[in-house]
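**Student:** Here's a sequence, model it:
(2 chains)
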Amino acid sequence: MIEVLFIPPAATVQDLGRDGYWSQGLGRAGVMDALSHSVANMLLGNDVDAATLEIPLTPARFRFRQAGAFALAGAACGATLAGRPLPRVWAGMADAGDVLELGPMTSGARSYLALPGGIDVPAVLGSRSTQLREGFGGLEGRVLAAGDVLRAASETLPLPPVGLSLTMPALRAAGAAEIELRALPSAEHGDFAPASREAFWTTPYTVSQQSNRQGYRLEGETLAYEASGELRSHGIAPGIVQVPGGGQPIIQLADSATMGGYPKIAAVIEPDLWRIAQARPGDRLRFRQVTLAEAALAARTQQEWLAGIRTQLEGFLTRQRGWL
Amino acid sequence: MPDAKLSMIGSRAVLFQPSCPFDLANQQRIWAIADEAATWKGVREAVPGMTNVTLLLDHVPTGLDRIERDLAALWESGIRKQVEGRLLAIDMAYDGPHLAEVAGMTGLPVDQVVRLHAAPEYTVYAVGSHAGYCYLGGLDPRLETPRRKVPLPRLPGGSLSLAGLQTGVSASAGPSGWNTIGSTDLSFFDPERTPAALLRPGDRIRFNPVEVKA
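**Tutor:** Presented below is the predicted three-dimensional model:
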């Protein structure tokens, strides 16, 4: 059991999202960075779909009301437990009364806090994710506040005293100034001016301050749409890059609308959505065009990486517990 | 290949847009396609849009040929789903922030905008954007306006808005790129209710103007 002592009003309880309600207009919600969320869960032996706390703004401070395990992954934020610095990705034990402190984020934009068995909130419409717009799911359908108490859904399993850590894939390629996002051309790609298409795939786009779980507004080369008339509203999905009349792109993310009507130049592939989640206002993004086959391979590669981590952790924890 | 467009809108989401007039008969073909495609292996959900349909898939497709052929065959078959929907009357205050702007863009006096908007019986063509939101068919073409160049970051729930040949009432507060002309306090989505969304494709709506303020 962990008590929130201080937190800016933006943190929400999320799992991998709510499936099956697109036809009623209800988006998936769910974590922005599924990779960090999944790793935090796996470090505790949880199902990857267990609910974690997504923290997009720090500082934040928590107190353990009783001893228990927890895991942290995502942004680098100089986390400390009872004053001792923690690695960026870490799972271990806290004693009763320990204070977990997350400092200013120096790299990345979202931290994930996991508890054994997941954070214990009721499932609504098949998921524990907070549906911020509709105000349900997660913890009472809202962002967390000081005084809130998060309970673990299961008993703590013993972890090694020094804790567990691992290395995540890099947000940027070595030496790159920009975060690369692989994307498929979308429905109106061919209706943008050739120079705009060229600019979209070759020049960087800066993440603006108007960026949240719903979407990121980007700033860069203005994109000229050459077709006329209004599009009929159609389905959209997280990762879609829309270009409103102003010519500056918007990427829809976890709290994406289910339908829209702005021209769509591209769709960022799902295995790269976590990179956007960890991009901060001012960071520069670069889009790289891929084929369907490359998109399928990227999805498989990421699943295999996660499966590999799980196998390694299970082996390690089995051996550890054998010794205890 | 007939005149239809299939495109990726996500690595596991495809959009099928047949070229056709924007009317109820064609929308009924879309409803039929969505019902059928939802039963296909590998399709998680099939969601009707405005004379288009989106398929959410289990996996990244290795190619689009097969899915394109199957969707085109369904569309060409002309099969339609007729729905005996419910009729809902909604009290509406025509008091939105863009009402005067819409009057300006359409070249009509405000009273005429309200009269034309409240005249038809609208059909719910599609449900989406946000939970419980309905895209309505039946807007008078004289009220056609462009979307806003820069979307509003937050519009309150219950806002009546329009863009292109589409109109609808927002079910909760959120961003919008449409022109807002009115408001109501009706609840369109409730997670405690089954189904949670108040309206389904094929239901019909009438607006009853209770106030006009431009």
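
**Student:** Dihedrals phi and psi, the residue in chain B positioned nearest to chain A?
**Tutor:** As assessed by C-beta to the nearest C-beta, chain A sits closest to B:Thr54 within chain B, at 2.6 Å. Every C-beta, even on glycine, is put in place using the N, C-alpha and C of the backbone. Taking degrees, to the nearest 10, you get phi -110, psi 130 for the backbone angles of B:Thr54.

**Student:** Identify the residue spatially nearest to it, adjacent ones excluded.
**Tutor:** In space, and not counting its chain neighbours, B:Thr54 is closest to A:Gly235: 2.6 Å by C-beta to C-beta, 6 or more residues apart in numbering or on different chains.

**Student:** now do B:Gln112
**Tutor:** Counting by C-beta to C-beta, 6+ apart, B:Gln112 lies nearest to B:Ala103, which is 7.9 Å off, once chain neighbours are set aside.

**Student:** partners of the residue lying closest to B:Gln166 once chain neighbours are set aside in the sheet?
**Tutor:** Closest residue in space to B:Gln166, ignoring its immediate chain neighbours: B:Tyr135 at 5.6 Å, by C-beta to C-beta, 6+ apart. Note on B:Tyr135: beta-bridge partners by DSSP bridges are B:Ala126.

**Student:** Quick check on the residue nearest to B:Thr54: phi, psi?
**Tutor:** Per degrees, to the nearest 10, the backbone of A:Gly235 is at phi -60, psi 140.

**Student:** What about it, how many residues nearby?
**Tutor:** Close neighbours of A:Gly235, defined as other C-beta atoms under 10 Å in any protein chain shown, add up to 30.

**Student:** Count the residues that sit near the nearest residue to B:Leu136 once chain neighbours are set aside.
**Tutor:** Nearest residue to B:Leu136, sequence neighbours excluded (C-beta to C-beta, 6+ apart): B:Tyr122, at 3.9 Å. The number of residues packed near B:Tyr122 is 21, by other C-beta under 10 Å.

**Student:** so what's B:Tyr122 up against?
**Tutor:** B:Tyr122 is in contact with B:136-139, B:167, B:204-207, counting by C-beta atoms under 8 Å, 6 or more residues apart in numbering or on different chains.

**Student:** For the residue sitting furthest away from the middle of chain B, which three-state class applies?
**Tutor:** The centre of chain B is farthest from one residue, B:Thr62, which by C-alpha atoms, centre = their mean lies 30.3 Å away. Following DSSP: H, G, I helix; E, B strand; the rest coil, the label given to B:Thr62 is coil.

**Student:** Report the beta-bridge partners for B:Ala197.
**Tutor:** B:Phe189.

**Student:** follow-up on the earlier one: give me the subset of the contacts of B:Tyr122 lying in strands.
**Tutor:** B:136-137, B:167, B:204-207 (DSSP state E).

**Student:** which parts of stretch A:275-293 are buried?
**Tutor:** Buried residues in stretch A:275-293, counted by 16 or more other C-beta atoms under 10 Å in any protein chain shown: A:275-280, A:283-287, A:290, A:292.

**Student:** In helices only, show me those.
**Tutor:** A:275-277, A:292 (DSSP state H).

**Student:** Sketch out the strands for chain B, chain order is fine.
**Tutor:** With DSSP E as the criterion, chain B has strands at B:4-10, B:13-18, B:43-48, B:53-57, B:87-94, B:122-127, B:134-137, B:152-155, B:159-163, B:166-169, B:174-176, B:179-183, B:204-212.

**Student:** Let's have these in TSV, adding mean pLDDT.
**Tutor:** What follows is the strands of chain B, written out as TSV (pLDDT from 0 to 100):
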stretch	mean pLDDT
strand B:4-10	96
strand B:13-18	98
strand B:43-48	97
strand B:53-57	98
strand B:87-94	97
strand B:122-127	96
strand B:134-137	93
strand B:152-155	88
strand B:159-163	96
strand B:166-169	94
strand B:174-176	87
strand B:179-183	97
strand B:204-212	97
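
**Student:** Minimum distance to A:Val48: which of those strands has it?
**Tutor:** For A:Val48, the closest of the strands of chain B is strand B:43-48, at 17.9 Å, according to C-beta to C-beta.

**Student:** quick one, domains of chain B?
**Tutor:** B:4-77, B:87-212 (automatic domain parsing).

**Student:** which residues does the closest residue to chain B within the stretch 151-300 of chain A contact?
**Tutor:** Closest residue of the stretch 151-300 of chain A to chain B, C-beta to the nearest C-beta: A:Gly235 (2.6 Å). Shown in contact with A:Gly235 (C-beta under 8 Å, 6+ apart): A:22, A:258-259, B:9, B:13, B:15, B:47, B:49, B:52-54, B:56, B:128.

**Student:** out of the residues you listed, which is most surrounded?
**Tutor:** Most neighbours among the contacts of A:Gly235, by other C-beta under 10 Å: B:Gly128, with 31 neighbours.

**Student:** I figured it hits B:Gly49, correct?
**Tutor:** Yes - shown here, B:Gly128 and B:Gly49 form a contact pair, counting by C-beta atoms under 8 Å, at 7.0 Å.

**Student:** Low-confidence stretches in chain A?
**Tutor:** Low-confidence segments of chain A (pLDDT under 70): A:323-324.

**Student:** Break it down into its structural domains.
**Tutor:** A:2-168+A:304-323, A:179-290.

**Student:** starting at the chain centroid, how far to the first one?
**Tutor:** To tie it back to what came earlier, the one meant is domain A:2-168+A:304-323. Taking C-alpha atoms, centre = their mean, to the nearest Å, one finds domain A:2-168+A:304-323 lying 11 Å from the centre of the chain it belongs to.

**Student:** hmm, that domain touching chain B?
**Tutor:** Yes - contact between domain A:2-168+A:304-323 and chain B is present through A:19-27, A:124-125, A:131, A:133-137 (criterion: C-beta under 8 Å from any C-beta of the partner chain).

**Student:** Of these, just the buried ones, ChimeraX syntax please.
**Tutor:** Here is the ChimeraX command that selects only those of the residues of domain A:2-168+A:304-323 next to chain B that count as buried (16+ other C-beta under 10 Å):
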select /A:21,22,23,24,25,26,27,124,125,131,133,134,136,137
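
**Student:** Can you classify the residue nearest to A:Leu313 when sequence neighbours are not counted as helix, strand or coil?
**Tutor:** Residue nearest to A:Leu313 in three dimensions, not counting chain neighbours: A:Met42, with 5.7 Å by C-beta to C-beta, 6+ apart. Secondary structure for A:Met42, judged by three-state DSSP, is helix.
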